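[1] Sequence first, then the predicted structure:
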Amino acid sequence: MATISRTVATLRISGEELVPEEISAMLGQPSDKAQKKGDEIIGRNTGTVRVAKFGMWRLAAPDAEPGDLDSQVSHILGKLTDDLSVWRQLAARFDIDLFCGLFMEKEIEGLCISPESLARLGERGIELGLDIYVGDNDHA
C-alpha cells in the first residue's frame with residue numbers, strides 16, 4: 001500500500017456556551033483559532049460576514065507530507081494536559097473531534113493509525129473524523 005500523500009489535522013472543541021479562554025486555561029494551551037457564539041466571522045475566500053452560531057476552539061498540527069496522523073496526534077496532544085478528568089469535563093459539555101484531511105495523489109494510497117494514538121484519542125473522548133480528497137489537493 002502506498003502511503004497517503006498528505007494529512008492535515010485539527011483538534012476542534014465546539015459548543016453553544018463555549019468560551020475559548022476557558023478551554024485554553026483548562027488545557028494549558030491557547031488555541032490557534034477560536035470564536036464565541038455571536039462573533040462576526042469573515043469568510044476566508046468570499047469575504048462575506050456571518051455570525052457564529054456556536055463557540056469553537058481549534059489547535060492544528062503542521063501538515064504532514066507524506067501523511068502521518070500519528071505524529072500529528074502526538075504534536076497536538078503533547079501540547080495539552082494529560083489530566084483525563086479535565087478531558088472528561090470537556091467531553092461532557094462540548095463536542096470534541098480531531099478533524100483530519102487525507103489527500104491522495106494516486107488512485108490507491110493508505111494510512112495506518114497506531115493503537116497508541118487511537119487510545120489517546122479515545123480516553124479523552126475525541127472523535128476521529130476523516131475527510132478524503134483525491135486529485136487536486138489544494139483544498140486545505
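    Nice, I can see it.
[2] going on from the helix or strand of the chain with the lowest mean pLDDT, what's the next piece of helix or strand?
    The helix or strand of the chain with the lowest confidence, counting by mean pLDDT, DSSP states H and E, is strand 40-42 at a mean of 85. On the C-terminal side of strand 40-42, the closest following helix or strand by DSSP states H and E is strand 49-51.
[3] helices and strands around that following strand, which ones?
    strand 40-42 (3 or more C-beta pairs under 8 Å, 6 or more residues apart in numbering; DSSP states H and E). Yep, even glycine has a C-beta here, placed from its N, CA and C like the rest.
[4] Pairing partners for the strand it packs on, with directions?
    As defined by DSSP bridges, the strand partners of strand 40-42 come to strand 49-51 (antiparallel).
[5] rewinding a little: list the buried residues for the least confident helix or strand of the chain?
    Buried residues in strand 40-42, counted by 16 or more other C-beta atoms under 10 Å: none are found.
[6] now that strand: how far from the chain's centre is it?
    20 Å (C-alpha atoms, centre = their mean, to the nearest Å).
[7] Please apply the same query to stretch 24-44.
    Its chain's average C-alpha position is 13 Å from that of stretch 24-44, according to C-alpha atoms, centre = their mean.
[8] This protein: helices as residue ranges?
    For the chain, the helices defined by DSSP state H cover 20-27, 69-78, 84-93, 115-123.
[9] Averaged pLDDT, the last one. What do you get?
    Taken as a whole, helix 115-123 has an average pLDDT of 97.
[10] Buried residues in that helix, which are they?
    Using 16+ other C-beta under 10 Å as the test for burial, helix 115-123 gives 117, 120, 121.
[11] what sits against the closest residue in space to residue 15 that isn't next to it in sequence?
    Nearest residue to residue 15 in three dimensions, chain neighbours excluded: residue 94, at 3.9 Å (C-beta to C-beta, 6 or more residues apart in numbering). Taking C-beta atoms under 8 Å, 6 or more residues apart in numbering, we find residue 94 in contact with 13, 14, 15, 18, 23.
[12] Nothing else from me, thank you.
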